[in-house]
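*Asks:* Generate coordinates for the sequence data below:
(chains A and B)
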Amino acid sequence: MTIESLGSDALERITAAGDAAALEALRVEYLGKQGSVSALLKTLGKMSPEERQTEGPKIHALRQSVTDALAARKEAIDAAALEQKLASETLDLTLPAPERPRGSVHPVSQVMDELAEIFADLGFAVATGPEVEDDWHNFTALNMPESHPARAMHDTFYFPDSAADGHSASSSEAVGQKKRMLLRTHTSPVQIRTMVAEGAPVRIIAPGRVYRSDSDATHTPMFHQIEGLVVDKGIHLGHLKWTLETFLKAFFERDDIVLRLRPSYFPFTEPSVEVDVGWEDVGGRRVLGGDGDAPGHGWMELLGSGMVNRRVIEFAGLDPDEWQGFAFGVGVDRLAMLKYAMDDLRAFFDGDIRWLQHYGFSAFDQPTLSAGVGASA
Amino acid sequence: MKFSLEWLKYFLDTEASAAEISAKLNAIGLEVEGVEDPAESLAGFRIAHVLTAAPHPDADKLQVLSIDTGDGKPLQVVCGAPNARAGMKGVLGLPGAVVPANGMQLRKSAIRGVESNGMMCSTRELELGDDHDGIIELPADAPVGTDFATYHGASPVFDVAITPNRPDCMGVDGIARDLAAAGIGTYKPFVQEPVAGKFPCPVEIRTDDPAGCPAFYGRVIRGVTNGSSPDWMQQRLLSAGQRPISALVDITNYVMLAFGRPAHAYDLAKLNGAVVARRAKDGEQVLALNEKTYTLDSEMTVIADASGVHDIAGIMGGEHSGCSESTTDVLLEIAYFDPDRIGATGRKLGLTSDARTRFERGVDPEFLDAGLEILTALILKICGGEASEVIRAGAPPVERKLVNYEPLLVEKLGGVDVDEADQLAILSALGFEALNTQIGPGRKTWQMSCPPRRHDIEGSADLVEEVVRIHGLDNVASVPLPRVPGVAKPTATPAQQMERRLRRAAAARGLNEAVTWSFLPTDEAEHFALRQAQGDREQLWVLENPISEDMKAMRPSLLAGLLSAARRNADRGAAGVRLFEIGRRYFRATDGSSDERLTLGIVLSGEKRASGWATGKAQGFDAFDAKAEAEALLAEAGVAVDKLMVMGEAGEQFHPGQSATLRLGPKNVLARFGALHPRTLKAFDIDGPVVAVEIFLDAIPAKKGAASFARPAYAPPALQSVERDFAFLVDVALPAGDLLRAVKGADKANIVDARIFDDFRGQGVPDGKKSIAVEVTLQPGEKSYTDEEIKAISDRVVAAAAKQGAELRG
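*Replies:* Model prediction:
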């Protein structure tokens, strides 16, 4: 067999090799110790120099071409094998991935965090107080003595008298006065507790649960309020107005929030001011913003406020000739409903996971001033 | 309270429109809850003249009327009223008009085949009264074709909410005074010339309870006819929402609504002897005008005669001596009652009335004689008769309060600069008298004498409010709150920051935050009350006046509310429920004060994982899911979780073998977790398994030392760590955690971690034993370990394990 025919025969057979084993057999047949190409190489030693000069390159070229052909074929076979393996590993990626449960933050918590953020920017700290209160902090110290008609308007939940034999009275309280325990009807007792504990100046908000014996479509016996209190020197009604405007604009993220202040009455403030906010009709829904007197607009009563009554400052053990300030209270649930377009207050306290996942907020919707305190839908 | 514009104008000379008045009322603190214009509801109703009336061809009770509506072309109208007849004048509703009483829009129609172009209306249909026996009959001189609303004098009705501090505005007169002070017209005080008595008052009047009833005035009017009150009075009463009853009753109601002054008229024939204001006797009873019987006690003031109580003073009259159609002689009572007494009595009896509302807030003590004269004059005019002389017992507290007032305070407190002369004008218009005013530069104090009707005035701030509200709150400019100087400090306490962090951590872990009621049914609260070491349950707060039995006891645990929510979700078909809540638990401390503990509760129920194409069957929650949440959240709260002890005593609400507490030291329980006891599940009617966690946030210690941003120095070790595995045979009862703790502590310099990767019982492991496999991670320092060093560490591990009774498996 000539070198040429051996070469062409080898390349043809290598190209035709179907798998790695056949290819290996061919490698042994040609390049193995007993292989035909190896045998040809061995003949070189016995050749005359002239003969070697002519035959040598041919034989080396043959070995090279067989080696290359084997390598090329091996690569092709490996590639085919890999392709086949990959084909066998195909997944149906339309199948669902493992689910992770979706958690949520309750709208009331979210809104309380938003309010804390807004008021932190104005220098208000967050204060708290007990929800099971005594009538001194809830009423008397807020200038509502026992016979006060406003007490009756509070629909108060009481605990039986026997439960109130404690006398851990604050300094301003008449010694030996019997305290009646109740569920606080507003967050205002935190005003007293903060002033008694920390003195003045004071700049706080106090969010929390409050209770009224009232239950219908728009009232629940438990709801949430946030109280604001500033006591300092030279604080007046203009500061109250600015603070409320600033807070409501920041909360609703609208520059066109318009406030209407109306004189009103709360025993613990004097003068007392009720605050209406202008709304406009957007697709049948009252959305806060715009002048309430404009056609198609209206006013919504949103919060109560006023200059802290001198007697309250006295009850809290401070000198009302030195210190004066303002206070306000607003419903947190109401703010949440208005901002995030929720209609049913009762659903807030039902724990329906469908509702919580729909109206709740992502853990990562942490209110920040830089991103805007509100969380977009 | 409600009143018509027409009524208001009786006391106020003004050209202002209803809208202007409404805006001003709001601006001065008399909140307008609504304005109703009857002219709007009476649009389309016209005065009509019945020209002819003929029987309906097809119906016995109907007539076919031909009606002149003033435009010259008679209309045909079918009418069923028995009083419809030719020649009468009445009110016709034209097609398009809406009947006020039922909201029905009138249409041109055929009634039994006869065309009808409108409807002749009854009093009731137009909501002007109760009469529905026939159609309205107007006087012969009623102008045909005129809008009925105009003819009728329909006037807009204001509905105004009066705050409890302003009883002086619980009459139209007082509202007019306030409006006039605010520049809406001129106040027209109503002055009644005294009516001279024709004879001495034949009844003795006395007050034996001068504290409860400081003043009691009265007089007798003889020979009255108690018919119906005149139209003008009925119109005004109707505008106030008060149904006319009889002239005498209407007159007292009218004076109450016009002047804010309740009074009472007794049928003299029903009285016996002297009429006395006195304390009730304990157990004394009276049948009140609302037809209910009230049992009184000695802290209540009543008006009584020799035979018994006739009036719960200042609150409600008695049925027995009330005026009726047959009344001919009346005793008028106008008294001043102590506001606190009235409030206390009303609260105790659970009885509200228009009179109580006014008396307990405080009526005008100067208005006794004037009120009595107005009552007398009205009765004489409307019911006839002759009046006795006035008889007076006691005296009302009419002394004027003096308040030192600094005009400067308006700017200092109200934030608005109001000219001193303007301040004085406002205060004078409201009835305040300045005793020593000077006007001009410099700080000054005015002594202001306050009208006794203004019970709300306590001091100078109240006068500031008067000036500011009349001057206008709109004129108060916004002034920025001064910024607190210096670097902004965190305004949330560490506890609040922890609460926020945990809330978002829990949400990030897939839990849904719920807010559940603070109150529970008593049995659920008791189920969750923790047992103290002494065996006592913690003291619960139980409401005296719950809104329902389901909301009676303050929660001692968050799990009860969450369990109920989980059950509701399950009932609605939810497969898996992961709820958490952060809120307080409420206990009564031994000193009677409130002990409120911030707590995080978690309830996991239903499917942890639904059945899946890759994972097979659905899987429920187990105690380790609860443990995972507890540990993850405690770690987020800054607790070193690997230092916590896992101990028992999670509470009887939990499965005894599948629950534990996590403690920092043997006594400080930070959390409890595990599967709930089948008894708990049964009590809450929910299918198990349900697992739960309670983290006691108040028990988590605050970080010690001053806060610093700097972290402890750290550089990752240069050399790779080395893992070695050990398998130990231990008693089945030995907690794996104890073994792990021992292994970890065997060589603190080298062992940086140890974890259990197998817990095996069965073949090859003797009965009563288990095989626990632990992977120990060793961290070399500067140099790699030699074989000898590793062997030495391993020996220490095995020795430490042996102290726990563990034997290295061969």
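*Asks:* and the residue nearest the centre of chain B, what does it touch?
*Replies:* Central residue of chain B (Cα atoms, centre = their mean): B:Ile547, 13.0 Å from the mean position. The contact partners of B:Ile547, by Cβ atoms under 8 Å, 6 or more residues apart in numbering or on different chains, come to A:Phe157, A:Ser213, A:Asp214, A:Ser215, A:Pro221. From N, CA and C alone the C-beta is placed, and that goes for glycine too.
*Asks:* same thing but at 6 Å, please
*Replies:* With contacts defined as Cβ atoms under 6 Å, 6 or more residues apart in numbering or on different chains, B:Ile547 is in contact with A:Ser213, A:Ser215, A:Pro221.
*Asks:* Can you tell me the closest non-neighbouring residue to the first one?
*Replies:* Right, the one you point to is A:Ser213. If the residues on either side of it in the chain are set aside, A:Ser213 comes closest to A:Asp155, at 4.2 Å by Cβ to Cβ, 6 or more residues apart in numbering or on different chains.
*Asks:* Name all residues that make contact with that neighbour.
*Replies:* Taking Cβ under 6 Å, 6+ apart as the test, what A:Asp155 contacts is A:Arg212, A:Ser213, A:Asp214.
*Asks:* what's the distance between it and A:Glu131?
*Replies:* According to Cβ to Cβ, to the nearest Å, A:Asp155 stands 16 Å off from A:Glu131.
*Asks:* coming back round to it: got the phi and psi for the residue nearest to A:Ser213?
*Replies:* phi 50, psi 60 (degrees, to the nearest 10).
*Asks:* what's the answer for the one 5 residues further on, then?
*Replies:* Recorded main-chain torsions at A:Pro160 are phi -60, psi 150, according to degrees, to the nearest 10.
*Asks:* so what's it closest to, chain neighbours aside?
*Replies:* Using Cβ to Cβ, 6+ apart, the nearest residue to A:Pro160 is B:Glu544, at 4.7 Å.
*Asks:* Repeat that for B:Ala48.
*Replies:* The shortest distance from B:Ala48 to any residue other than its chain neighbours is 3.7 Å, reached at B:Leu92 (Cβ to Cβ, 6+ apart).
*Asks:* any idea of the mean pLDDT in the helix or strand that contains the one you found?
*Replies:* B:Leu92 is located in strand B:89-93, with elements delineated by DSSP states H and E. On average, the pLDDT along strand B:89-93 is 90.
*Asks:* now stretch A:256-269
*Replies:* 93.
*Asks:* Now do it: distance from first to last residue.
*Replies:* With Cα to Cα, to the nearest Å as the measure, stretch A:256-269 spans 28 Å from end to end.
*Asks:* In it, which residues have enough neighbours to count as buried?
*Replies:* For stretch A:256-269, the neighbour count (16 or more other Cβ atoms under 10 Å in any protein chain shown) marks A:257-269 as buried.
*Asks:* Now tell me what touches it from outside.
*Replies:* Residues outside stretch A:256-269 that contact it (Cβ under 6 Å, 6+ apart) are A:142-144, A:150, A:245, A:248-249, A:272-276, A:278, A:289-291, A:299, A:304, A:306-307, A:309, A:312, B:26, B:29, B:163, B:165, B:469, B:473.
*Asks:* among these, which are in strands?
*Replies:* A:Ser272, A:Val273, A:Glu274, A:Val275, A:Asp276, A:Gly278, A:Trp299, A:Gly304, A:Gly306, A:Met307 (DSSP state E).
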